[in-house]
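Asker: Predicted coordinates and the sequence they were generated for:
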Amino acid sequence: MLDTEHDDYSDGDVDIIGKAVYKHIQFNGTEGLTENQLAAAESYYDNYLDQPFFELSTVWVLLCAFLVFIMHLGFASIESGMCQRKNTVNILFKNVFIICSGLLLYGVYGFNSMYPTEAGATTILEGIFSFGKPISESINAGNDLSYGGTGLCQTGWADFIFQAMFAATAATIVSGAVAERVKLSSFMIFAVLLVGFAYPITGGWKWGGGVLDGMGFYDFAGSSVVHAFGGFAALACVLILGPRKGKYTANGVKPILPSNLPLANIGALLLWFGWFGFNCGSVLSADPEGISYVAITTSFGAASGGLAAILVSWIILKKPDLSMALNGILAGLVGITAGADQLSLLGACLAGGVGGGLVVVAVMFFDKLKIDDPVGAISVHGVCGIWGTLAVGLPFLCKEGAGSSFFVQLAGTAAIGAFAFAFSFIVFYIIKLVMGVRVDESEEAEGLDVAEHGAPAYNE
Amino acid sequence: MLDTEHDDYSDGDVDIIGKAVYKHIQFNGTEGLTENQLAAAESYYDNYLDQPFFELSTVWVLLCAFLVFIMHLGFASIESGMCQRKNTVNILFKNVFIICSGLLLYGVYGFNSMYPTEAGATTILEGIFSFGKPISESINAGNDLSYGGTGLCQTGWADFIFQAMFAATAATIVSGAVAERVKLSSFMIFAVLLVGFAYPITGGWKWGGGVLDGMGFYDFAGSSVVHAFGGFAALACVLILGPRKGKYTANGVKPILPSNLPLANIGALLLWFGWFGFNCGSVLSADPEGISYVAITTSFGAASGGLAAILVSWIILKKPDLSMALNGILAGLVGITAGADQLSLLGACLAGGVGGGLVVVAVMFFDKLKIDDPVGAISVHGVCGIWGTLAVGLPFLCKEGAGSSFFVQLAGTAAIGAFAFAFSFIVFYIIKLVMGVRVDESEEAEGLDVAEHGAPAYNE
Amino acid sequence: MLDTEHDDYSDGDVDIIGKAVYKHIQFNGTEGLTENQLAAAESYYDNYLDQPFFELSTVWVLLCAFLVFIMHLGFASIESGMCQRKNTVNILFKNVFIICSGLLLYGVYGFNSMYPTEAGATTILEGIFSFGKPISESINAGNDLSYGGTGLCQTGWADFIFQAMFAATAATIVSGAVAERVKLSSFMIFAVLLVGFAYPITGGWKWGGGVLDGMGFYDFAGSSVVHAFGGFAALACVLILGPRKGKYTANGVKPILPSNLPLANIGALLLWFGWFGFNCGSVLSADPEGISYVAITTSFGAASGGLAAILVSWIILKKPDLSMALNGILAGLVGITAGADQLSLLGACLAGGVGGGLVVVAVMFFDKLKIDDPVGAISVHGVCGIWGTLAVGLPFLCKEGAGSSFFVQLAGTAAIGAFAFAFSFIVFYIIKLVMGVRVDESEEAEGLDVAEHGAPAYNE
């Protein structure tokens, strides 16, 4: 029998004692045990009953984080495949820089700013803005359920890395829209500010328990928090930057063909692959029903988006367009993201399908306005991000008893989009004034790969 | 103490009560408890003992489904890499269309048709053909073990999405064989009918507990159900379609070189990566011995297939041939798939190795017959699908006490192959009569990318 | 009540009986039970309490093995993307051969040689060298905890496949360094000997509980065991092989441009993706704190390496260099690998960052010495492998109480590097004498794809 009289259980071995006492009770009953021993056993019982689920959920969230990581390869590949050959290196370089800097910035400032706790952040404006400290080793007190408890069924580390992989996505969205004419150093500064500073602000409004969360705004995995945010930041930058030379002529829009469609295809399907982590991981536990239902709505959204874009573009453009099909898949995924756990099966198909149709129209619409977005990022992430968010407010798309208020959804997505737009417009404009944001005309004509990086992407 | 006298446990909170009562029993014994309370505790105990395994298995099957999804990127990449540059967009477009339509069709009709239950399907011919209803939200009654019980250790959603990812594979196999001359719209109609209607029929014969399953036919992860099915469908289509212009000349076979071998390599290795999900997920639970043994046989089959193809092609062709090595890996994988849990370690190497050797000979054999299969799909999936199925009937390849009857295996794979061939021949022939299945000679010469899609895959 | 009087529990059903008795005890107490019954229940209780963690860990290690597998696609892609177009097929072929032969060799000999047990190996020199038998079906006695017990929380199969995926990595590292001029057959023989014979020796010194392990040498996931080993083997081969023709001219180093940077980018990011499995799987269980902390240090190491390489190369080369950024990420990953569980967060950033800076300088340094390494493998894996190993010996980089002795680390990495260098130098030199290791000048000029494989990688 363990000596519990002379041990106050303060040295961390309560679990070992509790485990032994609990086993004793199983086979010999409670007779003769001290109160301390009983308490240790009870504490052990309470903790360890949920331990397998805690461990499984940590594994799940980590694997989903790895899948979200691969989305960055997806973005790099689709963007470089969709753009001109002469700007390939530049696009890849921007994406590599963003994932590297985004992860570190999120550790140094973003995480604790977006999810403010008393220990990790200084609240400047309650529910609106907190100033976060760097994460530290104490984020996770151990293998037990102490971090977040059963409500957040994972270690703090798993939570951090999952959210950090999300953070860099926003700037990557912008990267595609400004491709082929943005000045590298200017974009790098902008991306750092967007990922490091702006994203955690609006992220905190919803996921950090801030003002939008308090209003009942619903955004399951980030149609607004990530995608509309990125799309509207992209719109602001594109407006400041202007279109690529020669795109909009007196005789109409000159199509600029994608340089490498197999590469774009790799990108789009890796994005779908990674999106399983993006959406299913946003359950934030391994809840079997939750994660498996979201896997289906995500798949149905993507598939419906792809088919709708094929159909709509075939009708309008009179040909089966692969670029549109790929963008349709992404549009379907963005469309399903806000309500992946709220929509019915049919609702998931409709949310994705409308997204896929919408993206074709939106791409043509922005071209009409001479807003030049080489990869269609504003349409995919901005327009469909709004749509996906609003879909959660349409009861006929949702499961019985699920969904949110349409007006709250509208207000929320408008607030996030407006902030992203305003922030980006101001910051990018200042950068323009200070150092310029666009390469020279000769550099643009030559291609950024040679002009900025000294060598092309493809060589003998 | 919970008021169990006034609660009949019909409102779903039995688990909460059961949990509380069970804990009470742990520390205070059963004295004074009512029969209702005891029953609740016992029910809780019975359910939750298997809960961690149920949750883990759901996670496992979902992750395997994601891996099977990435096989579609693998197929798209290897097919477009192996074909001519001028037909790249067309191949990618077909693959994107198949994964999108396949997933939805399997939800609307296939799943409940392949796995008929009283609630989900109308039986037309017992064990042969059922007419399925669309899946609905009630496929999964919750987080508990109610769907399939402990025998099917996962939610219905996870089961569906795993099977849905398989379904589209069959049509993708055909896509490679008919590449470079098939008419897009005709193929799209055919693919819809094959995935949506034909695949669930033969699938149900085995995995839906139908007639082949009753005979003791064994096909662990689908050497016949998926691969031979796809391979024989491909053979029928290729026979109707005829070879590419200029392939078979008076002076012999004119080799048509692969356009992009790094792309084909990405495709082949992603297929191997995805095959871990295909085979290990087919354990249909996270049974540690099952999934880890299958991971080894799958790896050994692929590796042996690759090495055997390298050796055989080096001997015959007098050079180390990368395309053959890649096809050898796939052939090894197809060869191991039917018996991944039945074969011994040495048997796994032999099953894969024979597959790898066979594929080299088969590719040359079909060329002799002027059956033109640009990517070798009939050889890889058809020929090696049969081989893999028969391997389970060869006792010296199997673990002690494992394996199946050779004649039953032969009958099963013949039945599935024959049905796939007959169905495809009839349907594709009708499509040929109605709208044609082949592009014009001038379009074939120009390439389908420009002819059907309006632009090439690679541009400046 | 089960008849326990007439059953001695020797037939494997002890768990079923134990389960039933244990449940009986839960609700009825122990009264009236026989000693046999009580023992069965207790054995059941002890075993199954850890069962969920055992099952989860097996799933985790398997998934990590799949991720390590994808690193081979990463290596193939980055190496072929970084080299000249005319040698692409050759590089891909070598990589495909290595993964296939490496897996089988590790099963036939490597595993039991590296992890010697009485049943599986003959000890030749205690702690230095054992001669292993092929793995057999008995590697895993079942689903219980019998293989390795709770200390090795997984089936033997999972353990094998994870380690087997590691084994082939070493030869793949060499493949990149000798690219563009090595004779295929000579390299294939060398690779077989390196993976099959040499790697398990030094691997056993540390991970097999050999002499370095006894000294307290620490190498969490293989900065030395895998990477420095591969890097120093590469150095030996390159010294024997000599530089590519025309690289080092009287007028200085002639840059040979990478043929396909999007392919290299795919390779580098897939390597990062796979490295999550490499490092997090090396926890060898699903310990939540362990795996999630390592996910962060791995990410921070990679990100810091990428940023440092960007910075350093921008300063030295005066341009933002994508190749250096990608190599910087890999250097950061190699730098974090030895101490991924020992370093502090800041230490992880520094270990990765120093690796990223180091790789730029090392690449230039080897070029100064006319040691021609087309992909920078010696710098990335050799130099940064040493650095990563030493980092664990620098207390200010480690978590409180973690880390190892600097001198032991130095001795360990020196021993492994020296053995790899000596083995490779001798073996490759003998191969050179017997059959030559380098292609003809004309073949080198024409490119190995046409010269050795009969056709180029890219065709119309």
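Answerer: All right, it came through fine. Numbering: from 1, shown residues only, chains lettered A, B, ... in the order given.
Asker: can you give me the strands for the stretch 201-350 of chain A?
Answerer: Counting by DSSP state E, counting those that start in this stretch, the segments of the stretch 201-350 of chain A that form strands are A:248-249, A:252-253.
Asker: what's the most buried one of these?
Answerer: The densest packing among these, expressed as mean neighbour count by mean count of other C-beta atoms under 10 Å in any protein chain shown, is seen in strand A:248-249 with a mean of 13. C-beta here means a position set from N, CA and C on the backbone, and glycine is covered the same way.
Asker: Centre of the chain to that one, how far?
Answerer: In terms of C-alpha atoms, centre = their mean, to the nearest Å, the centre of strand A:248-249 is found 34 Å from the chain centre.
Asker: One more: stretch A:33-51?
Answerer: 40 Å.
Asker: For that stretch, what does the pLDDT average out to?
Answerer: Per-residue pLDDT over stretch A:33-51 has a mean of 80.
Asker: Export the strands of the stretch 201-350 of chain A to JSON lines and append columns for distance to residue C:82 and mean pLDDT.
Answerer: Listed next are these as JSON lines, based on distance: least, C-beta to C-beta, whole Å; pLDDT from 0 to 100:
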{"stretch": "strand A:248-249", "distance to residue C:82": "38", "mean pLDDT": "94"}
{"stretch": "strand A:252-253", "distance to residue C:82": "37", "mean pLDDT": "91"}
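Asker: Residue C:324: which of the ones you listed is closest?
Answerer: Across the strands of the stretch 201-350 of chain A, residue C:324 has its closest neighbour in strand A:248-249 (36.6 Å, C-beta to C-beta).
Asker: And the residue of the stretch 151-300 of chain A closest to chain C?
Answerer: Using C-beta to the nearest C-beta, residue A:157 is the residue of the stretch 151-300 of chain A that sits closest to chain C, at 3.5 Å.
Asker: after the helix or strand where that residue lies, next one along is what?
Answerer: When secondary structure is defined using DSSP states H and E, the element that contains residue A:157 is helix A:156-177. Moving toward the C-terminus from helix A:156-177, the next helix or strand (DSSP H and E) is helix A:184-193.
Asker: In that next one, which of the residues would be classed as buried?
Answerer: By neighbour count on 16 or more other C-beta atoms under 10 Å in any protein chain shown, the buried set for helix A:184-193 is A:184, A:186-193.
Asker: For it, list the C-alpha coordinates in PDB.
Answerer: Extracted in PDB, the C-alpha atoms of helix A:184-193 (Å, rounded to 0.1, in the frame of the first residue of the first chain):
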ATOM      1  CA  LEU A 184       9.200  41.800 -54.400                       C
ATOM      2  CA  SER A 185      10.600  43.800 -51.400                       C
ATOM      3  CA  SER A 186       7.400  45.800 -51.100                       C
ATOM      4  CA  PHE A 187       5.200  42.700 -51.200                       C
ATOM      5  CA  MET A 188       7.400  41.100 -48.500                       C
ATOM      6  CA  ILE A 189       6.900  44.000 -46.200                       C
ATOM      7  CA  PHE A 190       3.200  44.100 -46.800                       C
ATOM      8  CA  ALA A 191       2.900  40.300 -46.300                       C
ATOM      9  CA  VAL A 192       4.700  40.500 -43.000                       C
ATOM     10  CA  LEU A 193       2.300  43.200 -41.700                       C
END
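Asker: how about the residue lying closest to residue A:23 once chain neighbours are set aside, what does it touch?
Answerer: Counting by C-beta to C-beta, 6 or more residues apart in numbering or on different chains, residue C:45 is the residue found nearest to residue A:23 once chain neighbours are left out, at 6.8 Å. Listed by C-beta atoms under 8 Å, 6 or more residues apart in numbering or on different chains, the contact set of residue C:45 reads A:23, A:26, C:18, C:22.
Asker: And residue C:45, how far from chain B?
Answerer: Using C-beta to the nearest C-beta, to the nearest Å, one obtains 12 Å as the distance from residue C:45 to chain B.
Asker: In terms of helices and strands, where is that residue?
Answerer: For residue C:45, the element it lies in under DSSP H and E is helix C:35-49.
Asker: Grab the longest helix from chain A for me.
Answerer: Taking residue count as the measure and DSSP state H as the definition, the longest helix of chain A comes out as helix A:51-82.
Asker: Determine the angle, from 0 to 180 degrees, between the next helix or strand after that helix and helix A:51-82.
Answerer: Elements were assigned by DSSP H and E; along the chain past helix A:51-82, the next helix or strand is helix A:88-105. Between helix A:88-105 and helix A:51-82, the angle formed by their directions is 150 degrees, by axes from the mean of the first three to the mean of the last three C-alpha atoms, to 10 degrees.
Asker: For residue A:459, which non-adjacent residue is closest in space?
Answerer: residue C:257 (3.9 Å).
Asker: Double-check that neighbour against residue A:454; I have them as touching.
Answerer: No: with contacts counted by C-beta atoms under 8 Å, residue C:257 stays clear of residue A:454, the gap being 9.9 Å.
Asker: Single out the residue in chain A that lies closest to chain B.
Answerer: Here the residue of chain A nearest chain B is residue A:292; by C-beta to the nearest C-beta that distance is 3.4 Å.
Asker: What residues does that residue make contact with?
Answerer: B:58, B:62, B:140, B:154-158, B:161.
Asker: at 10 Å what do you get?
Answerer: With contact set as C-beta atoms under 10 Å, 6 or more residues apart in numbering or on different chains, residue A:292 has these partners: A:280, A:283, B:58-59, B:61-62, B:65, B:139-140, B:143, B:154-162.
Asker: Kindly state the pLDDT recorded for it?
Answerer: If you check residue A:292, the pLDDT there is 93.
Asker: same question, residue A:278
Answerer: For residue A:278, the model assigns a pLDDT of 97.
Asker: swap in residue A:2?
Answerer: The model reports residue A:2 with a pLDDT of 48.
Asker: same question, residue A:140
Answerer: Reading off the confidence values, residue A:140 has pLDDT 57.
Asker: what do you get for residue A:314?
Answerer: With respect to pLDDT, residue A:314 has a value of 97.
Asker: Quick one: distance of stretch A:267-282 to the chain centre.
Answerer: Distance of stretch A:267-282 from the chain centroid (C-alpha atoms, centre = their mean) equals 10 Å.
Asker: Check stretch A:173-192 too.
Answerer: If you compare the mean C-alpha spot of stretch A:173-192 with that of the full chain, they lie 19 Å apart, counting by C-alpha atoms, centre = their mean.
Asker: circling back: buried residues of the helix holding residue C:45, list them for me.
Answerer: For helix C:35-49, burial by neighbour count (16+ other C-beta under 10 Å) applies to C:36-45, C:47-48.
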